[in-house]
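Engineer: Quick one, structure for this:
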Amino acid sequence: MSIFMMLRSSMRFRAGVLAAAGLSAMLATASVPASAAGPFRPFLGSWQGSGAITTQDGRREPISCRATYDAGEEAESLTQSLVCASDAFRVNVEASLTAEGGQVQGQWQETSRGVQGAVTGQIASGDFEGTVSGPGFTVQLSIRSNGRRQVVRIAPSTGDIRSVDLSLSKRK
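Structural biologist: Next comes the predicted model:
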């Protein structure tokens, strides 16, 4: 084999190694931000939208909402603020959650009604299913998010509201 052929073969080998190294670096860099936000990543940001509030007697009323989700200093924590209003109702939810594995726990309060409780639930791939338990009440929570659209369902066990069903879009 001539020197020229050896050099050309060596250059192809180095080019292949550099290309593989570059691809590996790009994949590693691309995966860092996704894992940095932890399981709450699909929820982060500001959202707005509308839906309906259904009362215990079956009356449905349109409602508009805005929500904000912020990650804590650790990737496994989240704070939520959800404010909804209609002609007759106001819902103001504040929550502080942490996740370990797929398990979520934290505190939840609905300030316009003065109720609060402990949140427990599970999270995976942008889906959260949980329960809030407090003195004399429970609330079933469901949030499904793909990072651009979000569907929220809040279903209290007692009080004047049977459910709040929302469709939210991420604000730019």
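Engineer: In this structure, what residue spans correspond to strands?
Structural biologist: All strands of the chain, identified by DSSP state E, fall at 45-55, 60-71, 77-85, 90-100, 103-110, 115-124, 127-134, 137-145, 149-156, 161-170.
Engineer: Using TSV, please lay out those strands together with mean pLDDT.
Structural biologist: As requested, the strands of the chain are exported to TSV (pLDDT from 0 to 100):
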stretch	mean pLDDT
strand 45-55	96
strand 60-71	95
strand 77-85	94
strand 90-100	93
strand 103-110	95
strand 115-124	95
strand 127-134	96
strand 137-145	94
strand 149-156	95
strand 161-170	95
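Engineer: Now tabulate those strands in TSV and tack on mean neighbour count.
Structural biologist: (C-beta placed from N, C-alpha, C; glycine too.) Formatted as TSV, the strands of the chain follow (neighbours: other CB atoms under 10 Å):
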stretch	mean neighbour count
strand 45-55	18
strand 60-71	17
strand 77-85	18
strand 90-100	18
strand 103-110	18
strand 115-124	17
strand 127-134	18
strand 137-145	18
strand 149-156	18
strand 161-170	18
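Engineer: Please identify which of the ones you listed is closest to G38.
Structural biologist: Of all these, strand 90-100 sits nearest to G38, with 6.5 Å by CB to CB.
Engineer: what's the closest one packed up against?
Structural biologist: Here strand 90-100 touches strand 77-85, strand 103-110, strand 115-124, going by 3 or more CB pairs under 8 Å, 6 or more residues apart in numbering; DSSP states H and E.
Engineer: Could you dump the strands of the chain into a markdown table and include distance to G38?
Structural biologist: Below are the strands of the chain laid out as a markdown table (distance: least, CB to CB, whole Å):
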| stretch | distance to G38 |
| --- | --- |
| strand 45-55 | 15 |
| strand 60-71 | 7 |
| strand 77-85 | 8 |
| strand 90-100 | 6 |
| strand 103-110 | 11 |
| strand 115-124 | 9 |
| strand 127-134 | 13 |
| strand 137-145 | 14 |
| strand 149-156 | 17 |
| strand 161-170 | 18 |
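Engineer: quick one: the closest residue to G130 other than its chain neighbours and V139, what's the gap?
Structural biologist: Among residues not flanking G130 along the chain, G121 sits closest, at 2.3 Å (CB to CB, 6 or more residues apart in numbering). Distance, G121 to V139, using CB to CB, to the nearest Å: 11 Å.
Engineer: Can you list the neighbours in contact with stretch 133-140?
Structural biologist: By CB atoms under 8 Å, 6 or more residues apart in numbering, the residues outside stretch 133-140 that reach it are 108, 115-118, 120, 130-132, 153-159.
Engineer: same thing but at 10 Å, please
Structural biologist: 93, 107-110, 113, 115-121, 129-132, 153-159, 161, 163-164 (CB atoms under 10 Å, 6 or more residues apart in numbering).
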